[in-house]
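J.: here's a sequence, model it:
(chains A, B, C, D, E and F)
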Number of protein chains: 6
Amino acid sequence: MMMTEPKAKQAKRGGAPVCYISRVESFSACHRLHSIHLSDEENKRIFGKCNNPNGHGHNYKVEVTLRGSVDPKTGMVINLVDLKQYMKKAIMDTMDHKHLDLDVPYFKHVVSFPSNHPRP
Amino acid sequence: MMMTEPKAKQAKRGGAPVCYISRVESFSACHRLHSIHLSDEENKRIFGKCNNPNGHGHNYKVEVTLRGSVDPKTGMVINLVDLKQYMKKAIMDTMDHKHLDLDVPYFKHVVSFPSNHPRP
Amino acid sequence: MMMTEPKAKQAKRGGAPVCYISRVESFSACHRLHSIHLSDEENKRIFGKCNNPNGHGHNYKVEVTLRGSVDPKTGMVINLVDLKQYMKKAIMDTMDHKHLDLDVPYFKHVVSFPSNHPRP
Amino acid sequence: MMMTEPKAKQAKRGGAPVCYISRVESFSACHRLHSIHLSDEENKRIFGKCNNPNGHGHNYKVEVTLRGSVDPKTGMVINLVDLKQYMKKAIMDTMDHKHLDLDVPYFKHVVSFPSNHPRP
Amino acid sequence: MMMTEPKAKQAKRGGAPVCYISRVESFSACHRLHSIHLSDEENKRIFGKCNNPNGHGHNYKVEVTLRGSVDPKTGMVINLVDLKQYMKKAIMDTMDHKHLDLDVPYFKHVVSFPSNHPRP
Amino acid sequence: MMMTEPKAKQAKRGGAPVCYISRVESFSACHRLHSIHLSDEENKRIFGKCNNPNGHGHNYKVEVTLRGSVDPKTGMVINLVDLKQYMKKAIMDTMDHKHLDLDVPYFKHVVSFPSNHPRP
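T.: Modelled structure (predicted):
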């Protein structure tokens, strides 16, 4: 998905037209909401069924949004083939068909709640 | 849906990481577009088939978006169970399977057009 | 949407290839589930919130499916422009932005539950 | 979703009109594709990334379809409130936010592939 | 998507349980509706804007459905990795990012209307 | 889709409540990614299968978003019937069922990549 800058906004700002481009990737993973900073009772009360000891899973959707100037030769902000490759390396190879808490080092001491996922 | 703040933006701003979280709820209701500030002819001309005297209906989608700091213990901005409860009380109990103009006091003198719905 | 017949099935049956073609139309309407063959108490117990006296509404989706031989000259079972026109006349003009129970004669004595809608 | 019988088909068959009604439910679960009838090497070769030892997960959609006569008083084949209750008991309480292989006895010796799920 | 056979139906039929499995693939292509068996005027009248001389395009969705017995060892009717490979060869390599009428020999003398696409 | 301004934000800003309203339109078109500023080899390397000489196509979605004050009489920012008409003229009549590069003068010397589409 792309969001283009209105002409009036570009004129005010000056420079080349700017565009936002988004790309969505989907992956399948499992996890368990469980914080090492809380007791078992607190974990159960706060996370409820998401605290099930054997875990549960989802199909996740990740939308990456980039902001950049439009290349006058190609008309592109970024080549989607390149963006797909970056997302494959950063997202798919790390988390697809994995157990987030057990297979992804980042979540070893971090609750694998979406607002807690690694940020760029 | 959650939107996380890039690290660079957090560093610039200082403080804990901030996250936007959205939750969608759906309800079924009926209504009629008809303004008490307009004549019957004006109502018919402006609202067209949406002015049908016996009304019509929709499945509505409401997306509520919250902005907040990520709790370091739970990794959450808000517990989704709580958010669901607030939305049930504010949205579902009031408008689901109702006639907006006849069953919801707020719309007694207000056209039940989406841009006119109660704001938080 | 179209569903084509496998070659083996056509060979067994003989004749020209057969194809199923579906077209979806959406409309917005309101209604109330209330049967004239039941008491008010029974209506309330059976239909619950769908029995709300002032009604409620939905966006409806209707999918019409046709079965026919593929015309060897045009490759079509039916011209989609014609099918759209038939559906406009039979579905949209009758029920879109209407109150099914009050505006559509068919539902005067018939509960406007989907399984009760007029059949071709 | 409902699929109604054309009048001509009903006339040919005789009796009350028949209707198919479908209801979709979603749940979140994790699992691992691994057969006790195969060696570890065969499991890895056949199931690939779905054989990840720590499992992975999905949001599952289950669509239940019923066939029945339309009740002349209510216009319904089955009360959707009842169908929801049956699906809650048979599907949601058993599999939602669970590990299919570890939490659901049925899958103890059965590969948790969709075509292998319990049948009615 | 998978559709499993009810136990009662299997018992009546005898043999191993049978399952339908569907897989969807998407591709992007362009085409022009134009029949060599019709005059230019007839083509324009029948196909309307789809007869635009320079063509137009779509994102196509193809759903392939297989019927087969469930393998007692793997629980699968077919390995989805294999099905993906067959669909890549038969559908994606032939039609994705192509002009159906100019790049696909099958459509040289056949109107590229969906009901006219090659059948298995 | 509409996005309403929270009351606190309106109070801070002063004046009438402001609302964002979005409307989506879909069209079918074909195109070829090919830049007149690049050699044939560069075009092939950068645009890959999107550089196919005979073109390819898509179903496009365009979302137009407006910002405006809510009219106290009608409750609307803009009449959706008018917005539909503007989008028909600006988008549908120009690009639906067309070849973007050959039928739309704007793209004669401009790569028809979404970030390069005409801006308001």
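
J.: would the least confident helix or strand in chain A by mean pLDDT count as contacting chain F?
T.: When the helices and strands of chain A are scored by mean pLDDT, DSSP states H and E, strand A:2-4 comes last with a mean of 89. Yes: residues of strand A:2-4 contacting chain F under Cβ under 8 Å from any Cβ of the partner chain: A:2, A:4. Just so you know, the C-beta spots here come from the backbone N, C-alpha and C atoms, and that holds for glycine as well.

J.: now the element after that strand, going C-ward?
T.: The C-terminal neighbour of strand A:2-4 among helices and strands, as given by DSSP states H and E, is helix A:7-13.

J.: if you count neighbours, what's buried in whichever helix or strand comes after that next one?
T.: Using DSSP H and E, the helix or strand that follows helix A:7-13 towards the C-terminus is strand A:18-31. For strand A:18-31, a neighbour-count test (16 or more other Cβ atoms under 10 Å in any protein chain shown) marks A:18-19, A:21, A:23, A:25, A:27-31 as buried.

J.: now the strands: where do they sit in chain A?
T.: For chain A, applying DSSP state E gives strands covering A:2-4, A:18-31, A:56-69, A:98-99.

J.: closest to residue B:114 out of these?
T.: Nearest to residue B:114, of all those, is strand A:2-4, at 21.9 Å by Cβ to Cβ.

J.: for that closest one, which positions count as buried?
T.: For strand A:2-4, the buried set under the neighbour-count rule, 16+ other Cβ under 10 Å, comprises A:2, A:4.

J.: that strand pairs with which strands?
T.: Strand A:2-4 pairs in its sheet with strand A:18-31 (antiparallel), by DSSP bridges.

J.: using CSV, write down the CA coordinates of the strand it pairs with.
T.: The C-alpha trace of strand A:18-31 is given here as CSV (Å, rounded to 0.1, in the frame of the first residue of the first chain):
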residue,chain,number,x,y,z
VAL,A,18,7.5,11.9,-0.6
CYS,A,19,5.7,8.7,-0.4
TYR,A,20,4.8,6.1,2.3
ILE,A,21,4.9,2.5,1.2
SER,A,22,3.7,-0.4,3.3
ARG,A,23,4.1,-4.1,2.8
VAL,A,24,2.4,-6.9,4.8
GLU,A,25,3.9,-10.3,5.6
SER,A,26,2.2,-13.2,7.4
PHE,A,27,3.7,-15.9,9.6
SER,A,28,2.5,-18.7,11.9
ALA,A,29,3.9,-19.0,15.4
CYS,A,30,3.1,-20.1,18.9
HIS,A,31,3.8,-18.5,22.2
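
J.: on that earlier part again, compare the strands of chain A and give me the one nearest residue B:6.
T.: Nearest of the strands of chain A to residue B:6, taken as Cβ to Cβ: strand A:56-69 at 10.2 Å.

J.: where does chain A have low pLDDT?
T.: Of all residues in chain A, none has pLDDT under 70.

J.: kindly report the residues of it close to chain D.
T.: Proximity of chain A to chain D, by Cβ under 8 Å from any Cβ, involves residues A:28-31, A:49-50, A:52, A:54-59, A:96-99, A:102-103.

J.: now the least confident helix or strand of chain A, how far from the centre of its chain.
T.: Strand A:2-4 sits 19 Å away from the centroid of its parent chain (Cα atoms, centre = their mean, to the nearest Å).

J.: just stretch A:86-94 next, same as before
T.: Distance of stretch A:86-94 from its chain centroid, counting by Cα atoms, centre = their mean, is 10 Å.

J.: can you tell me what sits against it?
T.: Under the criterion Cβ atoms under 8 Å, 6 or more residues apart in numbering or on different chains, residues A:23, A:25, A:27, A:62, A:64, A:104 lie in contact with stretch A:86-94.

J.: ends of that stretch, how far apart?
T.: Taking Cα to Cα, to the nearest Å as the measure, stretch A:86-94 stretches 12 Å from start to finish.

J.: list the buried residues of that stretch.
T.: Residues of stretch A:86-94 classed as buried: A:87, A:91-92, A:94 (neighbour count, 16+ other Cβ under 10 Å).

J.: make a markdown table out of the buried residues of strand A:18-31 and add distance to residue C:108.
T.: Listed next are those as a markdown table, based on distance: Cβ to Cβ, whole Å:
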| residue | distance to residue C:108 |
| --- | --- |
| A:18 | 59 |
| A:19 | 56 |
| A:21 | 54 |
| A:23 | 53 |
| A:25 | 52 |
| A:27 | 53 |
| A:28 | 51 |
| A:29 | 54 |
| A:30 | 53 |
| A:31 | 54 |
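
J.: save the strands of chain A as CSV, and put in distance to residue C:75 too.
T.: Listed next are the strands of chain A as CSV, based on distance: least, Cβ to Cβ, whole Å:
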stretch, distance to residue C:75
strand A:2-4, 35
strand A:18-31, 34
strand A:56-69, 37
strand A:98-99, 47
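
J.: quick one: which of these is nearest residue D:10?
T.: Each of the strands of chain A has some distance to residue D:10 by Cβ to Cβ; the shortest is strand A:56-69, at 40.6 Å.

J.: starting at the chain centroid, how far to the closest one?
T.: On the basis of Cα atoms, centre = their mean, strand A:56-69 sits 4 Å off its chain's mean C-alpha point.

J.: that strand and chain F, any residue contact?
T.: No: judged by Cβ under 8 Å from any Cβ, strand A:56-69 and chain F are separated, with a smallest distance of 9.0 Å.

J.: residues contacting that strand, please?
T.: The contact list for strand A:56-69, computed with Cβ under 8 Å, 6+ apart, reads A:15-32, A:49-50, A:77-78, A:83, A:87, A:91, A:95, D:28-31, D:55-59, D:96-99.

J.: out of the buried residues of strand A:18-31, what pair is the most spread apart?
T.: Maximum pairwise distance among these (Cβ to Cβ): 39.1 Å, between A:18 and A:30.

J.: wait, what's in contact with the closest residue to residue A:108 other than its chain neighbours?
T.: The spatial neighbour of residue A:108 that comes closest, neighbours along the chain excluded (Cβ to Cβ, 6 or more residues apart in numbering or on different chains), is residue A:101 at 7.6 Å. Each residue near residue A:101 by Cβ under 8 Å, 6+ apart is listed here: A:31-32, A:34, A:55, A:107-108, A:112.

J.: how much space between the most centrally placed residue in chain A and residue D:82?
T.: When Cα atoms, centre = their mean is applied to chain A, the residue found nearest the centroid is residue A:62 (4.2 Å). Distance, residue A:62 to residue D:82, by Cβ to Cβ, to the nearest Å: 39 Å.

J.: swap in residue A:37?
T.: 44 Å.

J.: so which of these two has more stuff around it?
T.: Neighbour count, other Cβ atoms under 10 Å in any protein chain shown: between residue A:37 and residue D:82, residue A:37 has more, with 13 against 10.

J.: quick revisit: of the contacts of residue A:101, closest to residue E:41?
T.: Of all the contacts of residue A:101, the one with the least separation from residue E:41 (Cβ to Cβ) is residue A:31, at 62.8 Å.

J.: end to end, how far does stretch A:47-56 reach?
T.: First-to-last residue span, stretch A:47-56, Cα to Cα: 12 Å.
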